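Peer 1: Output the structure for:
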Amino acid sequence: MSFKNLQLIEPVLKALAHEGYTEPTPIQQDAIPVVLQKRDLLGCAQTGTGKTAAFAIPVLQLMQQDRLQHPTDRMQPRKIQTLVLTPTRELAIQIEESFKAYGRYLPLQRLVVFGGVSQYHQVAALRRGVDILVATPGRLLDLVNQRHIALQHIKYFVLDEADRMLDMGFVDDVKKIISKLPAKKQSLFFSATMPTEIKQLANMLLVDPVKVEVTPPASVVDIIQQSLYYVEKQNKSALLTHLLNDAAVKTALVFTKTKHGADRLAKQLSRAGIRADSIHGNKSQNERQRSLFNFKNSRTRVLVATDIAARGIDIDELGHVFIHDLPESPETYVHRIGRTGRAGASGIAISFCDYAEKVYLAEIQKLIKRKIAVVKDHPYDVALMHPQEYKPAQNNVSFNRRKSGGGGRKYGRPFRQRA
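Peer 2: Got it, this is the predicted structure:
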């Protein structure tokens, strides 16, 4: 199927051709006709499936059709008709860029607003008039409370990455924003996972929605090659440096648990002669944008990130993802490896696992319903370092989470099964 089969108007098709798009992804193929029918939509799709275009393309078309049907409205000051709410600054910028690309040949004005920067230029743009607003929850509420933004004219509302809103503690802000929207509107709701609170939020927002579920929640893209390295915690950075010395790793995104850990690891890699930088919430917006720009343009080979900062990173050519610290949430693992293997490309995801993280590994493998292939005999393999004590974990063995601050050795004997 081509985009021409989706009954799209000529300016949108022309813009898609300019971007090199020829065939819609599965979620675009299913969602675009639903949105064009002006139905509410509940979209469940993991990252990298093309869901931004799935809502941006039909919303742009509906707005243009509204404009042509009501020519007198063109004589009035522009009012915000579409609101897209998203959790992070990087993702908000990415979505606004998508609206700009797909609406290249449409006379619609866009704006993205987010915190961490002065609101001066954002307010100035709002005063000039905006048709489409992409926003993060905190800055949007600030501008609404200051009466710089009015939401009573919203016709199309998109809530993107709803599960990440929950993870970041934005659900209450989202509910406040929803309460300020007009009752009559078309709502599009997207989430990679559907925990109970997200389902409740969807029920509050949507009216008789059509559900589009391209892949089951938290499923892993099959083309991503996953592997696992057992390694002691204190040797993780050395193992990462060893693997990055392979010239086959052109670009790599590395996930750490903490912001300080991201900075520390980036500095260690730089001292080892690897062009690396870090990105996280403590950095200013300008610093984060500069880090992303350098990474996307191959000035930086390795970007070390926390989960929140990485949510807006969308690079089709990203070949490798390294998970330096396994996440407590198995769904987060899926989001992390989903940074690679995008737009039909292949990808490689490499995870490190120390003793304390084996409980997280068990939950991840339970969710993805497969065992991750273990790479053995590497220079920092715990089996080589402790040959008398290492025993591979049995599939049916569960491991209790190791409490910090206890007695004995700091890291314990790696992977030794207790009697």
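
Peer 1: Can you list the buried residues in stretch 363-375?
Peer 2: Counting neighbours by 16 or more other Cβ atoms under 10 Å, one finds that the buried residues in stretch 363-375 are 363-365, 367-368, 372. C-beta here means a position set from N, CA and C on the backbone, and glycine is covered the same way.

Peer 1: same check, this time on stretch 288-305
Peer 2: Using 16+ other Cβ under 10 Å as the test for burial, stretch 288-305 gives 288-292, 295-296, 300-305.

Peer 1: related to what we said a few turns ago, which of the buried residues of stretch 363-375 fall in strands?
Peer 2: Helix and strand membership here follows DSSP state E; of those, not one is in strands.

Peer 1: and the helix or strand where residue 61 lies, what's its mean pLDDT?
Peer 2: Element membership of residue 61 [criterion: DSSP states H and E] is helix 51-69. The pLDDT scores in helix 51-69 average 95.

Peer 1: Can you list the helices and strands that it packs against?
Peer 2: With contacts defined as 3 or more Cβ pairs under 8 Å, 6 or more residues apart in numbering; DSSP states H and E, the packing partners of helix 51-69 are helix 10-18, helix 26-36, strand 41-44, strand 82-85, helix 89-102, strand 156-159, strand 186-191.

Peer 1: and the fourth one, which strands flank it?
Peer 2: Looking back up the chat, that one is strand 82-85. Here strand 82-85 has these sheet partners by DSSP bridges: strand 132-135 (parallel), strand 156-159 (parallel).

Peer 1: highest average neighbour count across these?
Peer 2: The densest packing among those, expressed as mean neighbour count by mean count of other Cβ atoms under 10 Å, is seen in strand 132-135 with a mean of 26.

Peer 1: Can I get it as CSV, trimmed to CA atoms?
Peer 2: Once non-C-alpha atoms are left out, strand 132-135 reads as follows in CSV (Å, rounded to 0.1, in the frame of the first residue of the first chain):
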residue,chain,number,x,y,z
ILE,A,132,-0.7,23.8,16.2
LEU,A,133,0.9,23.7,19.7
VAL,A,134,3.3,21.0,20.8
ALA,A,135,4.0,21.2,24.6
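
Peer 1: Mind checking what helix or strand follows it in sequence?
Peer 2: Scanning the chain past strand 132-135 towards its C-terminal end, the next helix or strand to appear is helix 137-145 (assignment: DSSP H and E).

Peer 1: Now do the closest residue to residue 64 other than its chain neighbours against residue 100, distance only.
Peer 2: Nearest non-adjacent residue to residue 64, counting by Cβ to Cβ, 6 or more residues apart in numbering: residue 106, 5.3 Å away. Separation of residue 106 from residue 100 (Cβ to Cβ, to the nearest Å) stands at 10 Å.

Peer 1: higher neighbour count, the two?
Peer 2: Higher neighbour count among residue 106 and residue 100: residue 106, with 18 against 15, using other Cβ atoms under 10 Å.

Peer 1: hey, where'd the helices end up in the stretch 101-250 of the chain?
Peer 2: Listed in chain order, the helices found in the stretch 101-250 of the chain under DSSP state H, counting those that start in this stretch are 120-128, 137-145, 162-167, 171-179, 196-205, 236-244.
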